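J.: Structure of the sequence below:
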Amino acid sequence: MLFLRQILYLLFIIDGAQILSNAYPGYAILIMLIQSTPSSSAISDKYSLPIADVLASVSMVTPVWNGAKTISQTLASVRAQGAACHEYIVLDSMSDDGTREIIEANRDLVTVYVREKDTGLFDAMNRGIARARSAVVGIINADDLLTEGALNRVQMAFQDPAVAYVYSDVRIVDSAGHDIGMFRARRDWVAGKTAWHGRDWRFVSAISHPGLFVRRRVYDEIGVFDLRYRLAADHDFISRLISRNCVGAFVEEPLACFRIGGLSGGDLRLFAEDEAIARRFGVPATLARLNRYRSSLGRIKQRAFGQVLGRVHR
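T.: Purely as a prediction, here's the structure:
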């Protein structure tokens with residue numbers, strides 16, 4: 001079965017699978033057999049515990065370094081959440097472009113403002129999580145936005161005490177804030193299902209992290225972002241959520257907007273980290289390497305046509 005997965009995945013890379021399925025019915029049967037293989041990480045999205053009476057409190061965390069061009073929009077999107085945001089933590093890695101002045105002008109909104117050096121974006125996120133005092137933690141980068149009413153929808157989803165995390169699709173916007181696409185969360189992967197060619201949450205992240213909200217206690221149980229991964233620590237964390245059968249709830253309306261570019265935009269080292277994460281979670285080395293090549297080729301094609309959209313190709 002492993003050999004068949006490798007062959008099918010290779011065919012997937014060269015876009016020949018559909019042609020073969022149409023030409024040879026037996027090939028389609030092989031696909032069905034692989035799809036029917038049970039996943040050890042399958043989880044149920046049906047909850048049996050009673051509904052909580054009190055809405056969960058939410059802490060928002062924003063890491064920033066020299067974000068003066070965009071952080072005002074981020075702050076405004078958090079302010080628009082009203083009382084649903086119980087705590088707002090901003091971690092400034094010693095910005096020197098006017099970011100500090102913008103944050104200081106919004107101190108009525110920002111509960112905790114910390115200026116200190118960190119070792120990178122995910123280190124700053126970890127520091128924010130450590131300071132959070134609410135039941136739920138969300139992270140919105142200084143160039144991203146919360147959508148209108150996002151935290152109210154998050155609180156409603158967390159009324160079920162069985163839910164460990166809430167997630168949604170994420171709108172993709174350009175530098176002017178105009179919608180240009182959508183990152184579709186892979187609900188099938190979160191549910192433990194595998195694509196016909198064998199690809200699943202281990203290969204690439206199933207969720208875009210601006211659209212992810214996690215109970216604070218879950219970070220204590222499974223750990224925060226692993227700083228061995230400079231670009232793909234969110235992929236590793238989300239993989240831990242799924243592999244440990246943490247219960248997730250999907251919210252139909254997007255909770256956040258993701259601005260093109262970002263830390264991993266255009267950096268092919270991201271895919272090397274994705275490969276390492278895939279192997280860590282049990283993907284055979286050959287399949288993990290094939291996935292890296294496929295993703296790298298896709299990014300190179302995006303560059304050639306001027307369409308580098310961060311992690312959007314996923």
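
J.: mind checking the SS state of residue 100?
T.: helix (DSSP: H, G, I helix; E, B strand; the rest coil).

J.: Could you tell me the phi and psi values at the residue nearest to residue 123 when sequence neighbours are not counted?
T.: Distances taken as Cβ to Cβ, 6 or more residues apart in numbering place residue 227 nearest to residue 123, at 5.8 Å, with adjacent residues excluded. Every residue, glycine included, has its C-beta placed from N, CA and C. In terms of degrees, to the nearest 10, the main-chain angles of residue 227 are phi -80, psi 0.

J.: Low-confidence regions, the stretch 201-314 of the chain specifically.
T.: 261-266, 302-314 (pLDDT under 70).

J.: Which residue ranges of it form strands?
T.: Along the stretch 201-314 of the chain, counting by DSSP state E, counting those that start in this stretch, strands occupy 212-215, 248-259.

J.: Contact partners for the residue nearest to residue 281 when sequence neighbours are not counted?
T.: Leaving aside its chain neighbours, residue 281 sits nearest to residue 202 (4.3 Å; criterion: Cβ to Cβ, 6+ apart). By Cβ atoms under 8 Å, 6 or more residues apart in numbering, the contact set of residue 202 is 239, 277-278, 281-283.

J.: Tell me the one among these nearest to residue 144.
T.: Proximity of the contacts of residue 202 to residue 144 (Cβ to Cβ) peaks at residue 239, which lies at 21.5 Å.

J.: Would you mind measuring from the closest one to residue 109?
T.: 33 Å (Cβ to Cβ, to the nearest Å).

J.: Of those two, give the one with the bigger neighbour count.
T.: residue 239 (24 against 16; other Cβ atoms under 10 Å).

J.: Against residue 100, how distant is residue 66?
T.: On the measure of Cβ to Cβ, residue 66 and residue 100 end up 10 Å apart.

J.: Which parts of the stretch 151-300 of the chain are helices?
T.: With helices called from DSSP state H, counting those that start in this stretch, the stretch 151-300 of the chain shows them at 187-190, 216-222, 233-243, 269-280, 285-304.

J.: hang on, residue 73 packs against residue 145?
T.: Yes. Because the distance of 6.1 Å satisfies Cβ atoms under 8 Å, residue 73 is recorded as touching residue 145.

J.: Overlap in contacts, these two.
T.: residue 177.

J.: Next, the contact list for residue 254, please.
T.: 147, 168-171, 182, 211 are the contacts of residue 254 under Cβ under 8 Å, 6+ apart.

J.: could you pull out the strands for the stretch 51-200 of the chain?
T.: In the stretch 51-200 of the chain, the segments counted as strands under DSSP E, counting those that start in this stretch are 58-64, 87-92, 112-115, 136-139, 145-146, 165-173, 179-183.

J.: wait, which of those strands is closest to residue 128?
T.: Relative to residue 128, the nearest member of the strands of the stretch 51-200 of the chain by Cβ to Cβ is strand 58-64, separated by 3.4 Å.

J.: Just want to check the distance between the closest residue in space to residue 246 that isn't next to it in sequence and residue 87.
T.: Take residue 246 and drop its neighbours on the chain: the residue closest to it by Cβ to Cβ, 6+ apart is residue 164, 3.9 Å away. Distance, residue 164 to residue 87, by Cβ to Cβ: 20 Å.

J.: ok, back up a step: any of the contacts of residue 254 buried? List them.
T.: With burial judged by 16 or more other Cβ atoms under 10 Å, the buried subset of the contacts of residue 254 is 147, 168-171, 211.

J.: Considering the residues you listed, which is situated nearest to residue 251?
T.: Of all those, residue 251 sits closest to residue 168, with 4.3 Å by Cβ to Cβ.

J.: Hmm, residue 211 and that closest one touching each other?
T.: Yes. In this structure, residue 168 is within contact of residue 211 by Cβ under 8 Å, at 4.4 Å.

J.: Give me the common contacts of these two.
T.: 185, 254-256.

J.: May I see the residues you listed arranged in CSV, with distance to residue 62 as well?
T.: CSV is the format used below for the shared contacts of residue 168 and residue 211 (distance: Cβ to Cβ, whole Å):
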residue, distance to residue 62
185, 22
254, 18
255, 15
256, 12
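
J.: quick one on the thing from earlier: gap between the residue nearest to residue 281 and residue 275?
T.: Note on residue 202: its distance to residue 275, by Cβ to Cβ, is 10 Å.

J.: what sits opposite residue 90 in the beta ladder?
T.: residue 62, residue 113 (DSSP bridges).

J.: Show the contacting residues for it.
T.: For residue 90, counting by Cβ under 8 Å, 6+ apart, the contacting residues are 61-62, 64, 103, 110, 112-114.
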